[in-house]
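[1] Sequence first, predicted coordinates after that:
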Amino acid sequence: MAERRARVGIVCTAAARRRYVAPASLRRLEVVADVVFLDLPGPSRSVGPPPEDPAVRAEVRAFARDLDALVVGYGAPRIDDEVLAAAPRLRMVGDTHGDRFAARVDVAAAFRRGIVVVDTTNGSSDPVAEWALALILIGLRNAGAHFRRLVAGELLWPDREVFRQDPGYRNGELAGKTVGLIALGNVGRRLVWLLRSFGVRVLAADPGVPDVLGPALGLELTSLEGLLDRSDVVVCLVPLTAATHGLLDASAFARLRPGAVFVNVSRGAVVDTAALIQRLAAGDVIACLDVVDPEPLPVDSPLRALPNVFLSPHIAGVTAACEPRFFDLMVDELQRVLAGSRPHYPLVPRE
C-alpha cells in the first residue's frame, strides 16, 4: 500500500495568499505534500493581535484536523492548544509573518505536544541589513547634511578649509572603524557578513546569544555600555519588547563618543526620542534613522530639521523581492521537518 502523503494547510487572507505565495514556491511544496488553503477575508497585510472571531477559530480547528503541518499568516487567528488538540497528526506550525514573537502561535502548548514551531519573518532580513550598511555609509560621510544644503541651493565648500572640518571628511571611511551591533539576530548576522570586506572591528551586545557565536562570527561580545563607549558606529537591531522599550535613553546616548554615527533599523520605541534629540542638539554625533517614535514622524519634530539627521520612512525591509521570500523560506522549513530534519528558524518557549 502506498505511503500516505503529507498534508499541509495554509491559513491567511486571500489577499495575503495572492501577495506572498508565489506559484514557484507552491510548486516546490507540492512535490512533497498535498497543499490545501483556508482563505480568510481581510487585507494582504495587517498589524496588531490576531483576530478572535469564534466562527473563524472553529473553521480553523476543523481545517487543521487531518494536517501534518499548518502554516499561518496575515488574518489567521491564534493557534492555541484548543486548535492543536484538534489536529493529532500535526508535526509543525509555521508563521510567515510573526516577527518571531509568536503572536499567532502558542509555542509552549505546541512544545508540550512535540510540535515544531517555525517563524520565517526573517525573509526581510537581507534588505534590512543592506539598508543598515547604506545608512552607516551615509552617516559617516555626513551625506544627509550635504543633501539638505544642496537642495536648499547652497554653494558648498567655497572655502575648502571649511570642508576639512566636516565630519564626512574627518571620519568618512568605514574601513578600520569599530562597529557596534545592538542585537545579533538574523539581521545582525547578515550585517556582520556584509561588513567583512571593510576591515572593521565588530562588537555586539546581545545577552541572548551563546558565547561561542563571538569567535564563530569573528566578533567580540560585550555589554551595551561597553559597546556604546567603544564604537565609532552604533547600529540598533534589537526587537521591541517590554524589556527593550526605551532601552536607549539619555544615559545611553551620553556614552556615544564625539563623531559617532547612530543607526536605527529596528523599532522607533526602542529609543527615547527626546533623549536622542537632546544628544543630537550638541551637534557632535550623526543619526541615520529608518524608524522613529512616534510613526509617522510629526511634522514639527526637531528630527526633521536637525542637519545631523538622515531620515528614511521605515523602508529597510520593504522590497518587492523579499515578499515571496517569507513563504519560500517556509517551504524550505516544511521540506526539512517533513523529512525528519530540524528546522533552521525554530521558535522555543520563552520560559
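    Received, thanks. Numbers count the residues shown, from 1 in each chain.
[2] Poorly predicted segments of the protein, please.
    1-2, 351 (pLDDT under 70).
[3] Please parse it into its domains.
    6-119+320-347, 124-311 (automatic domain parsing).
[4] I'd like the ones you listed as a markdown table, with mean neighbour count appended.
    C-beta coordinates here come from the backbone N, C-alpha and C atoms, glycine included. Listed next are the domains of the chain as a markdown table, based on neighbours: other CB atoms under 10 Å:
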| stretch | mean neighbour count |
| --- | --- |
| domain 6-119+320-347 | 18 |
| domain 124-311 | 18 |
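[5] which ones are touching the residue lying closest to P324 once chain neighbours are set aside?
    Nearest non-adjacent residue to P324, counting by CB to CB, 6 or more residues apart in numbering: A22, 3.9 Å away. By CB atoms under 8 Å, 6 or more residues apart in numbering, the residues touching A22 are P324, F327, D328.
[6] do V202 as well
    T178, V179, G180, L181, V192, L195, L217, G218, L219, E220.
[7] Next: A269.
    Counting by CB under 8 Å, 6+ apart, A269 has contacts L240, H245, G246, D293.
[8] just R325 next, same as before
    Taking CB under 8 Å, 6+ apart as the contact definition, R325 lies against G123, S124, D126.
[9] for it, phi and psi?
    R325 adopts backbone torsions of phi -70, psi -30, taken as degrees, to the nearest 10.
[10] go on, G168?
    Phi and psi for G168, reported as degrees, to the nearest 10, are phi -70, psi -30.
[11] how far away is it from L191?
    Using CB to CB, to the nearest Å, one gets 22 Å for the distance from G168 to L191.
[12] One more: D229?
    Distance of D229 to L191, computed by CB to CB: 21 Å.
[13] Span of stretch 149-164 from start to end?
    End-to-end distance of stretch 149-164 (CA to CA, to the nearest Å): 17 Å.
[14] Same check on stretch 106-116?
    11 Å.
[15] which residues are contacting it?
    Applying CB under 8 Å, 6+ apart, the external contacts of stretch 106-116 come out as 78-81, 84-85, 90-93, 117, 337, 343, 346-351.
[16] from these, which ones fall inside strands?
    Counting by DSSP state E, those place M92, V93, V117, P346, L347 in strands.
[17] which of the contacts of R325 lies closest to R5?
    Distances from R5 to those, taken as CB to CB, are shortest for G123 (26.4 Å).
[18] quick one, what contacts that closest one?
    G123 neighbours (CB under 8 Å, 6+ apart): T96, C322, E323, R325, F326, F327, D328, L329.
[19] likewise L227?
    For L227, the contacting residues are G180, L181, I182, L203, A204, A205, V234, by CB under 8 Å, 6+ apart.
[20] same check, this time on E173
    By CB under 8 Å, 6+ apart, E173 lies in contact with L140.
[21] tell me the SS of it?
    What DSSP: H, G, I helix; E, B strand; the rest coil gives for E173 is coil.
[22] And the contacts of stretch 46-64?
    9, 11, 36, 38, 40, 42, 70, 74-79, 82-83, 86-87, 90, 103-104.
[23] That one: end-to-end distance?
    By CA to CA, the extent of stretch 46-64 from end to end equals 23 Å.
[24] can you tell me how far the residue lying closest to L184 once chain neighbours are set aside sits from R267?
    In space, L184 comes closest to D206 once its chain neighbours are excluded; the distance is 4.2 Å by CB to CB, 6+ apart. According to CB to CB, D206 stands 16 Å off from R267.
[25] What of F111?
    Separation of F111 from R267 (CB to CB): 27 Å.
[26] next one: V192
    From V192 across to R267, the span is 20 Å (CB to CB).
[27] And the top helix by length along the chain, what does it pack against?
    As assigned by DSSP state H, the longest helix anywhere in the chain is helix 125-140. Packed against helix 125-140 by the contact rule (3 or more CB pairs under 8 Å, 6 or more residues apart in numbering; DSSP states H and E) you find helix 186-195, strand 233-236, strand 261-264, strand 286-289, strand 309-311.
[28] residues contacting the residue nearest to L184?
    Shown in contact with D206 (CB under 8 Å, 6+ apart): L181, I182, A183, L184, G185, G188, L221, V238.
[29] ok, now L240?
    L240 makes contact with S266, R267, A269, V270, according to CB under 8 Å, 6+ apart.
[30] rerun that using 7 Å as the cut-off
    Contact analysis of L240 by CB atoms under 7 Å, 6 or more residues apart in numbering lists R267, A269, V270.
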